[in-house]
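# got a sequence here, can you build the structure:
(one chain, ligands or ions: 1)
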Amino acid sequence: MPILICGGLGYIGSHATWALIEEHGEEVVVIDNLAQGHLAANIAGAHLYVGDLGDEQLLDTIFTTHDIEAVIHFAASSLVGESMIHPLQYYKNNVLATYTLLAAMQKHDVRKIVFSSTAAVYGEPASIPIVETTPPQPHNPYGETKWASERLLHWCDHAYGIKAVILRYFNVAGAHVSGKIGEDHEPESHLIPLILQVALGKRQEVTIFGDDHPTPDGTCIRDYIHVTDLVNAHSLALDKLRRDEESATYNLGNGQGYSVQEVIATARRITTHPLPIAKAARRSGDPAILVASSHKAEKELGWSPSHSSLENIIASAWRWHSQHPDGYK
Ligand code: UFG
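Numbering: from 1, shown residues only. Model (predicted):
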């Protein structure tokens, strides 16, 4: 039975579509509104619907045409800074769209979903590494809308038996080993692609947001996870739903933190570019340190990241960006 991937033309969604079709032989239906997705990221073999998750009629058509077994829901607005300026957009694209999707699932009797959540639900956690029992306390509309969606999923399990595996991503980066798909956001705001734009000569310097954080070198520490490892967790989550039909929540990170300065130093070695830096004030809403414990996913899903050394993440991203300096254009 086919899997519906919402946001399958986006960065993570396209990697997941590739893995499900090419590595797991699954039948895949994709819906994407092209807000952040790219037609060029379409994976051969997927049944593609270009349209919005808020479009109830389109969802009806998809669920009527295809006997969908499970949904993987990547589609979302996902930038912390943008969410502070446009909270309405975030509630519409994240909470309302998830509501519409769940209503369609309930109507068409689809009872399995893998949901993309985020480290942003934790806000500024009191202790590191972050475990799944750390109380969510989001500091921005992005984290808040993902947390609200998590609660909606909880109640849809309670009331309708829709089982959800919620995956809380830390800092996803890197590109597919084929070199054919990678990260292309417009505008770009993530550290690693921005660093690589400097190496490509598209930007003058890397701006460091704050060197006065309470960390050893003063710059923020993050837990970077390779997109290939991340998407592997989604097929394991599907296996779990098929196996035991129980809802669960998992962190997905590498368990190791790197400062902004350490990321830049690694990128200097890989790109052989001097990567000049400029120091700027802290970015509003940035927690100093976010590092995951992913032991629960390792234990219960049998997941383990094997592509997520910082070198491998940056080298794979560098391969993609140097071969596609203008992204998918
Ligand atoms: N940074 C810079 N300069 C830049 C861009 C980023 O110094 O030009 C720093 C940020 O301040 C942060 C780190 O690099 O300390 C990583 O920033 P990203 O924008 O790449 O990623 P975030 O950590 O802000 O975002 C990630 C996920 C979000 C999630 C968030 C939780 O991408 O989905 O963590 O805080 F919400």
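# which strands or helices does the lowest-mean-pLDDT helix or strand in the chain pack on?
Least confident helix or strand of the chain, by mean pLDDT, DSSP states H and E, is helix 80-85 with a mean of 91. On a contact count with 3 or more C-beta pairs under 8 Å, 6 or more residues apart in numbering; DSSP states H and E, helix 80-85 meets helix 87-90, helix 141-160. The C-beta positions use only the backbone N, C-alpha and C, and glycine is treated the same way.
# how about TSV for those, with mean neighbour count added?
TSV is the format used below for the helices and strands packed on helix 80-85 (neighbours: other C-beta atoms under 10 Å):
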stretch	mean neighbour count
helix 87-90	16
helix 141-160	19
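# looking at those helices, spot the one closest to the ligand.
helix 141-160 (5.5 Å; C-beta to the nearest ligand atom).
# same list, the helices and strands packed on helix 80-85, but as TSV with distance to I208 and mean pLDDT please.
Putting these into TSV (distance: least, C-beta to C-beta, whole Å; pLDDT from 0 to 100) gives the following:
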stretch	distance to I208	mean pLDDT
helix 87-90	27	97
helix 141-160	22	98
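# and the ones you listed: which comes nearest H47?
Nearest of these to H47, taken as C-beta to C-beta: helix 141-160 at 24.9 Å.
# what about the strands in the chain?
Ranges of strands in the chain, per DSSP state E, are 3-6, 28-32, 47-50, 70-73, 112-118, 163-169, 171-173, 206-209, 221-226, 248-252, 257-259, 277-280.
# turn those into a markdown table, including mean pLDDT and mean neighbour count.
Converted to a markdown table, the strands of the chain look like this (pLDDT from 0 to 100; neighbours: other C-beta atoms under 10 Å):
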| stretch | mean pLDDT | mean neighbour count |
| --- | --- | --- |
| strand 3-6 | 98 | 27 |
| strand 28-32 | 98 | 25 |
| strand 47-50 | 98 | 16 |
| strand 70-73 | 98 | 25 |
| strand 112-118 | 98 | 25 |
| strand 163-169 | 98 | 24 |
| strand 171-173 | 98 | 23 |
| strand 206-209 | 98 | 18 |
| strand 221-226 | 98 | 25 |
| strand 248-252 | 98 | 23 |
| strand 257-259 | 98 | 21 |
| strand 277-280 | 98 | 12 |
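# related to what we said a few turns ago, just put the helices and strands packed on helix 80-85 in JSON lines and tack on distance to the ligand.
Below are the helices and strands packed on helix 80-85 laid out as JSON lines (distance: least, C-beta to the nearest ligand atom, whole Å):
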{"stretch": "helix 87-90", "distance to the ligand": "11"}
{"stretch": "helix 141-160", "distance to the ligand": "6"}
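# among those helices, which comes closest to T118?
Between T118 and these, the tightest spacing by C-beta to C-beta is seen for helix 141-160, at 5.1 Å.
# what helices or strands is the closest one leaning on?
helix 80-85, helix 87-90, helix 97-107, strand 112-118, strand 163-169.
# how about the residues of the stretch 51-200 of the chain by the ligand?
Residues of the stretch 51-200 of the chain lying close to the ligand by C-beta under 6 Å from any ligand atom are S78, V80, T118, A119, A120, Y142, N171, S189, H190, L191, L194.
# what sits against the fifth one?
If a contact means C-beta atoms under 8 Å, 6 or more residues apart in numbering, then A120 has V80, P138, H139, N140, Y142, G143, K146 as its contacts.
# re the thing from before, distance to I277 added to the helices and strands packed on helix 141-160, as JSON lines?
Shown next, in JSON lines, are the helices and strands packed on helix 141-160 (distance: least, C-beta to C-beta, whole Å):
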{"stretch": "helix 80-85", "distance to I277": "20"}
{"stretch": "helix 87-90", "distance to I277": "31"}
{"stretch": "helix 97-107", "distance to I277": "38"}
{"stretch": "strand 112-118", "distance to I277": "27"}
{"stretch": "strand 163-169", "distance to I277": "27"}
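# of the ones you listed, which is nearest I21?
So among the helices and strands packed on helix 141-160, strand 112-118 is nearest, using C-beta to C-beta, at 16.0 Å.
# each with direction, which strands does that closest one pair with?
Strand pairing for strand 112-118, using DSSP bridges, gives strand 70-73 (parallel), strand 163-169 (parallel).
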